[in-house]
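J.: with the input below, show me the fold.
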Amino acid sequence: MTQTIPVNLGARSYDVRVGPGLLQRAGELVAPFAPTGRVFVVTDENVFRLHLPALSASLQAAGLAVQSLKLPAGEQTKSFKGLEKVLRALLKAGINRRDLVVAFGGGVIGDLAGLAAGLVKRGVDFVQIPTTLLSQVDSSVGGKTAIDTPEGKNLVGLIHQPRLVIADTGVLATLSERERRAGYAEIVKLGLIADARFFEWCEANARAVLACETGPLAQAIAKAVAFKAGVVERDETEQGERALLNLGHTFAHALEGHAGYDGALLHGEAVAAGMGLAFELSALLGLCRDAEARRVRAHLTEAGFVTDLRQLPGAPFDVERLMALAAADKKAQAGKLTFILARGIGRAFIEPDTPADVVRELLQAETRS
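T.: Modelled structure (predicted):
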């Protein structure tokens, strides 16, 4: 059964369609946004092999001419080099401003293809067809597009809203358990931010979601998308509330940057570790009870995440390098560290002046052999 979740942004409004079998219907869903009848599909080598034939057949059955660009899989593709490759391929193919770009893949492809669509010919429309759990519940919704640089993650980008998001839950069956778990981090995050009852639901249903059980999986995806849509509607350009969605991400981006975006540490794995650290930091600052920080880490561990920094891919981590990467985060202002902290489960808030000495103390304790 398909669910439709609107993202209400005036002239930039669009729907997120969630459900099984949507890939086979993609042509009829995409066609209204392709007035020239030309569609440029950007994907990676894994999705190309597994799912492009089904998407192409559906698009062509709707009378659309399809050109595809296959990129290497992995975070390292989300770079200036990757962006140049996409832009030049689109230009060489003669893209015009009324053509349509389709981002067909996980978060890396969504971010990269969305950014390329926002830049080429000063902006063309695009559609997100996310193929990972993480991208279906998070990165495909809200219009954030970006690439990584040696200075940090997602530091070069723009907000370019898609015209449509098609989240086919059926494709998630082709993911490894590890990749599904990485997406689950962005689901449980919303409970930690603003919905303690949903966190309780996650404690009871995490295994069912990770096992791709149809009912719990669809419920979790729809809940996460609806939550994010509401936040984006109220704060599209992240001037306030939307920053809450970055719970755990300042730590996560620092961990990923330290690891060099080499793919050994998945984004969702870094986010899970980062959320655990955010609650530990909150407890250390006296904002929430130690028992709640322990409860968060216990659930993440039960879901299969590694929250011990000494055991994470990329370890050992250098504390001063992590501090420098945290200081380069997009949320940092006037040299001050901004973290999303919590007064308890479901009670997150933005702290624009987090004490650096306490962050350093926490990281030193967490990385000590």
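
J.: ok, now which ones touch the most centrally placed residue in the chain?
T.: Among the residues of the chain, residue 139 comes closest to the average C-alpha position under Cα atoms, centre = their mean, at 3.4 Å. Residues in contact with residue 139 (Cβ atoms under 8 Å, 6 or more residues apart in numbering) are 106-107, 110-111, 130. (Each C-beta comes from the backbone N, C-alpha and C, glycine too.)

J.: which residues of this structure fall in strands?
T.: 3-7, 14-19, 38-44, 65-71, 100-105, 125-130, 144-149, 152-159, 164-168, 337-342, 348-354 (DSSP state E).

J.: quick check: phi and psi on residue 211?
T.: phi -90, psi 0 (degrees, to the nearest 10).

J.: neighbours around it, how many?
T.: 11 (other Cβ atoms under 10 Å).

J.: that one and residue 30, how far apart?
T.: Here the criterion is Cβ to Cβ, to the nearest Å. By it, residue 211 lies 31 Å from residue 30.

J.: report the buried members of the contacts of residue 139.
T.: 106-107, 110-111, 130 (16 or more other Cβ atoms under 10 Å).

J.: from what I see, residue 277 and residue 366 are in contact.
T.: Yes. Between residue 277 and residue 366 a contact is recorded at 6.9 Å, counting by Cβ atoms under 8 Å.

J.: what is in contact with these two at once?
T.: residue 309.

J.: separation between residue 279 and residue 323?
T.: Taking Cβ to Cβ, one finds residue 279 at 19 Å from residue 323.

J.: which of those two has more neighbours?
T.: Using other Cβ under 10 Å, the more surrounded residue of residue 279 and residue 323 is residue 279, with 29 against 16.

J.: tell me the contacts of that one?
T.: 192, 288, 292-293, 296-297, 342.

J.: can you give me the helices for the stretch 1-150 of the chain?
T.: 26-30, 45-61, 80-92, 107-119, 133-134 (DSSP state H, counting those that start in this stretch).

J.: just the residues contacting the shortest one, thanks.
T.: Okay, so that is helix 133-134. Under Cβ under 8 Å, 6+ apart, the answer for helix 133-134 is 106-107, 172, 175, 179-180, 182-187, 221, 267-268.

J.: one step back: okay, the strands of the chain in TSV with distance to residue 238 and mean pLDDT next?
T.: Formatted as TSV, those follow (distance: least, Cβ to Cβ, whole Å; pLDDT from 0 to 100):
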stretch	distance to residue 238	mean pLDDT
strand 3-7	15	97
strand 14-19	18	96
strand 38-44	25	98
strand 65-71	27	98
strand 100-105	20	98
strand 125-130	18	98
strand 144-149	8	96
strand 152-159	8	94
strand 164-168	19	97
strand 337-342	12	96
strand 348-354	10	95
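
J.: export these to TSV and tack on distance to residue 273?
T.: Shown next, in TSV, are these (distance: least, Cβ to Cβ, whole Å):
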stretch	distance to residue 273
strand 3-7	29
strand 14-19	28
strand 38-44	25
strand 65-71	27
strand 100-105	24
strand 125-130	23
strand 144-149	18
strand 152-159	14
strand 164-168	26
strand 337-342	14
strand 348-354	17
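
J.: deepest in the core, which of those is it.
T.: strand 100-105 (a mean of 28; mean count of other Cβ atoms under 10 Å).

J.: okay, that strand in CSV with CA atoms only?
T.: This file holds the C-alpha atoms of strand 100-105, laid out as CSV (Å, rounded to 0.1, in the frame of the first residue of the first chain):
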residue,chain,number,x,y,z
LEU,A,100,14.8,16.3,-15.8
VAL,A,101,17.6,14.7,-13.8
VAL,A,102,16.8,11.6,-11.7
ALA,A,103,18.9,10.8,-8.7
PHE,A,104,18.7,7.0,-8.5
GLY,A,105,20.7,5.6,-5.5
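
J.: who does it pair with, and is each partner parallel or antiparallel?
T.: Paired with strand 100-105 in the same sheet, following DSSP bridges, are strand 38-44 (parallel), strand 125-130 (parallel).
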